[in-house]
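# 3D model of this:
(chains A and B)
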Amino acid sequence: MIGSALDYPHASAFIPAVRIRRARAIPRGAVPAVISGDHVTAAQPVAEGGGRRTLAGLDGRIESVSETHVVIEGNAAMLSGLAGLGGSAVGPITFLPRGESPAVASLMPGSVLVYPHRVPPALLQRAVMGNVAALIAASAGAVELESFARVALPAVLAGATSPATDLVVVLTDGFGDTTMNPRLLQALTACEGQTVLVSGTTQLAHNVRPEILLPPLRHAGTAPGGDLTPGARVRVIAGAQRGAEGIVVRVHAQPQPCESGLTLPAATVRLDSGQVRTVPVAVLQVQG
Amino acid sequence: MGTTGVGQSDEPRSLLLIDCGAINTKVALAGLVEGQARLLGTASALTTVTPPRADISAGVREAVGTLERVCGRRLLRGAELISPERDDGSGVDAVAVAASAGGPLRLLALGPGRESQASLIYRALGGLFTSLEMPGTGELTREPPHAVLLVGQAFGTQRGDDALNRAVAHAVNVLEVQSASATAPIVFTGSPDDAAFVATALNGRRDALRAVDTLSPSSTSPLTRVVSDMHEAAVLEALPGFAQLKRYASNPAIAASASFGGAIRYLAHHYQMTVVGVDIGASSTVVAGATARGDFLPGSRSTCGVASGAAEVLNAAGAAGVGRWVSAPLRPGELEDVVFHRVIRPRLLPASELERDVEYALAREAIRLALGAPGSRANGLHPMDVILGSGGVLAHVAHPADAALILLDGLQPYGVSSLVLDTARIAAMLGSAAAVAPGMAATLAATDAVPVLLGSVVSVAGEAAPGQQVLHIVLEYLDGRQYAQDVLAGTLVRLPLAPGEQARLSLYPAPTIDIGLGPGQRARASEPVEGGVLGLLVDARGRPIRLAADTSQRTQQLLTWRRAIMGDGEQ
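Prediction:
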């Protein structure tokens, strides 16, 4: 297992199918709409009242009901993000129409919008104005996200404070300029239109990371994770080659000089562009 | 392990040192080689305190497993350490544990005396691995406190003053609502009458009270001791798997910063010099000074580091403060992106020149912040005879010149200093080792903890125009050769003095320039200085170092200084 894999609470950015239990909070003024033992679908309300409906978010069985929470257990595909804002949200997955600018494309209220690139500040604002439930983006600018959240980013990432917005934001690939991990994008694309549960909650000290729960995927391709060995497909997660993918040619027994000038445990990777690079093991994510 | 296994003397024959850092767990094995304690090998693994591997002892065993392969010596039997050392050479006699995993002890200061006695509080806590939150100082609340520090008025509560009563109620409320532990302690410092009042007012939480005398300039140590003793119970005991790690240890685990401070004190005593140690970690930074007379001058920023602590450096120093040390071109917001990407993925290592530059910039500012932290006593320390650099960022620099620049830019010493690197990364373990095996720890501190001498450096302070001659320096090598050079203001110069080679220095500063003896005072060293991997350095950039305001000029400055001390032909 390579070190970077441990950044995820479940050791992988993507688990195609897992038995999982999640508590859905009942808002003030609402009452449970289910009882223990009920089977629910993701789009089904589990609490209603006070002008609000709380959707289940995942298919499963009601495990318990209290005045404050409904606990659901079911099978789901789990995607882990690296950082996020806000609590949880439920909605159908949507994408911007192909070729349309994020500045003008119409947004579906209540949806979970996927934007597989660095999210522009204007799209964050438009998502709020358009009552989008959650935004899943590859990355964001740290300054821009802090400005959007209107609270100090370190405090948000520590889970010590909440942003001044109801929009749930999940960054799958972190800060800076990068596109979404193709494996994650493939899984999200396969679920377009389906209702999913998204959590933006982040507490770095406890490795609580954002998550996206999708219906279990039968044809999910290969999930990220696995051993770093020759022949493994990898994605570079930092540095000048960030976002590039390739095949491991050799895992060096001794530390090697890398592009940064540092001599580090490294692997030689043949990138899809044809370039052969010596890349620190710490910035390689095995794609399976 | 329970008891310490020993050989025929009181000292153990072998010692396993464990340092559980925020990101990496380092282990080192020391044993007797021809009767002398030496470092036999080191290894590391990821620290495992969060899901999916929430067991700190798992990372320790993984590192020890690697150490077994490095040393060819069996140390583990299943999940247990073999102890004492066996006749076949397997096992170890003693185990010392230091840790910064779990972060600092978070203290919330409340009470009517907290503002008037702030300087004494900071002084008492200056050398400890604590994070003190003073409400109203603008510090951000990130995590709930482990304990409350309740500060009474220095001369006791006046009749009719309800402030202490309200503070007690506030403290109880904070601990009940926020605290990391249901039995979180309240430390009270104040008059005996007020202490009795607090004990009564706490009622059901009375057992949680630790009372110490009113702080005064001559009596801060009782508070230091009480808070120091709380680290293991409040922070380390809460780490998953710590019970197993505790079974391995021969003595109670101590904070890595305290352990590092112990090593620096020993070195100062051993060399009869002023020693400054800098330990830059992923989440915290320590600057510890010690003098030959036994003075200990600690300073630390327990939340400032180059990975998970990078956001705090950025917050405290500002983007401009960090960015000024980056020679690579930066787009608006790019620095913040690199820093926060490292914060959310603290196990990353620099994969580009920009990421490396940013890490080194963070390291410089982390040192400056630790020096200037409230309660720091290392600030302004002069002379700095020996500067010891420790921590992953310094141990794995791209070039030794980078380590020298980080230390010089961060500390900005003046006078003559020796720059030493702890490339084996054992300095932070030696204080904890001293409690278990003092003789062995002392030998290691004087040998294997200081394996790389970067070089001696002559740093000058004083006003001079750029390009003006500030120093004429003459080296008299022991074989009779001489080398002389004029040094200009604003430059950094590397002079020829090979590792192990010695030369006597004669220094002739300009009238306004101070080489540590006062403006214009000349010096001829009675003892020769020794060369290092960077030769002999002369830092004539002035104090404080002035960086050009113009970005391209500043970039040129940084690159010129780096090239100047890298040596011919190196980039």
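# Tell me the pLDDT of residue 73.
No chain specified, so I'll use chain A. Looking at A:E73, its pLDDT stands at 97.
# not quite, I wanted chain B
In this model, B:R73 is scored at 96, pLDDT.
# Surely it is in contact with B:L29?
Yes - shown here, B:R73 and B:L29 form a contact pair, counting by C-beta atoms under 8 Å, at 7.2 Å. For the C-beta atoms, the positions are set from N, CA and C on the backbone; glycine is no exception.
# To which secondary structure element is the residue in the stretch 301-450 of chain B that chain A sits nearest to assigned?
Closest residue of the stretch 301-450 of chain B to chain A, C-beta to the nearest C-beta: B:A351 (2.7 Å). For B:A351, there is no helix or strand it lies in under DSSP states H and E.
# Surely it touches A:E259?
Yes - using C-beta under 8 Å, B:A351 is in contact with A:E259, at 6.5 Å.
# Please identify every residue contacting each of the two.
Shared contacts of B:A351 and A:E259, defined by C-beta atoms under 8 Å, 6 or more residues apart in numbering or on different chains, are found at A:239-241, A:279.
# how about these in TSV, adding distance to A:I26 and neighbour count?
Shown next, in TSV, are the shared contacts of B:A351 and A:E259 (distance: C-beta to C-beta, whole Å; neighbours: other C-beta atoms under 10 Å in any protein chain shown):
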residue	distance to A:I26	neighbour count
A:G239	45	24
A:A240	48	14
A:Q241	47	21
A:V279	48	26
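# and those, which of them are in strands?
Among the shared contacts of B:A351 and A:E259, the ones falling in strands (DSSP state E) are A:V279.
# out of the shared contacts of B:A351 and A:E259, which touch chain B?
A:239-241, A:279 (C-beta under 8 Å from any C-beta of the partner chain).
# Low-confidence stretches in the stretch 451-571 of chain B?
For the stretch 451-571 of chain B, applying pLDDT under 70 flags the ranges B:568-571.
# ok, back up a step: would you turn the ones next to chain B among the shared contacts of B:A351 and A:E259 into a markdown table with pLDDT?
Converted to a markdown table, these look like this (pLDDT from 0 to 100):
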| residue | pLDDT |
| --- | --- |
| A:G239 | 95 |
| A:A240 | 93 |
| A:Q241 | 95 |
| A:V279 | 96 |
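# Kindly indicate which of the residues you listed lies nearest B:L16.
B:L16 lies nearest to A:V279 out of these, by C-beta to C-beta, at 33.4 Å.
# For that closest one, which non-adjacent residue is closest in space?
Nearest-residue entry for A:V279: A:V269, 5.2 Å, with adjacent residues in sequence omitted and distances by C-beta to C-beta, 6 or more residues apart in numbering or on different chains.
# Flag every buried residue along whatever helix or strand that neighbour lives in.
A:V269 belongs to strand A:266-271 when assigned by DSSP H and E. Under the neighbour-count criterion of 16 or more other C-beta atoms under 10 Å in any protein chain shown, strand A:266-271 has A:266-269, A:271 buried.
# Greatest separation within those: which pair is it?
Longest span within the buried residues of strand A:266-271, C-beta to C-beta: A:A266 and A:L271, 14.2 Å.
# Give the other helices and strands that the helix or strand bottoming out on mean pLDDT in chain B contacts.
Lowest by mean pLDDT, DSSP states H and E among the helices and strands of chain B is helix B:163-177, with a mean of 87. For helix B:163-177, the elements it packs on are strand B:105-110, strand B:147-151, helix B:192-202, judged by 3 or more C-beta pairs under 8 Å, 6 or more residues apart in numbering or on different chains; DSSP states H and E.
# by how many degrees do it and helix B:192-202 diverge?
40 degrees (axes from the mean of the first three to the mean of the last three C-alpha atoms, to 10 degrees).
# Helix or strand next in line after helix B:163-177, which one?
strand B:186-189.
# What are the contacting residues of that next one?
B:107, B:111, B:113, B:117, B:121, B:147-152, B:171, B:175, B:194-195, B:198, B:202, B:205, B:208-215, B:223, B:226-227, B:230.
# same check, this time on stretch B:489-496
The contact list for stretch B:489-496 (C-beta under 8 Å, 6+ apart) reads B:464-470, B:473, B:475, B:483, B:485, B:487, B:531, B:534-542, B:546, B:560-561, B:564-567.
# got a list of what whatever residue of the stretch 1-150 of chain B ends up closest to chain A touches?
Residue of the stretch 1-150 of chain B nearest chain A, by C-beta to the nearest C-beta: B:T50 (3.6 Å). Going by C-beta under 8 Å, 6+ apart, B:T50 touches A:9, A:205-207.
# List only those of those residues flagged as buried.
Here, 16+ other C-beta under 10 Å leaves A:9, A:205, A:207 buried among these.
# can you narrow these to ones near chain B?
Within the buried ones among the contacts of B:T50, those near chain B by C-beta under 8 Å from any C-beta are A:9, A:205, A:207.
# mind listing the helices for the stretch 1-150 of chain A?
Taking DSSP state H, counting those that start in this stretch as the criterion, the stretch 1-150 of chain A contains helices spanning A:121-129, A:142-149.
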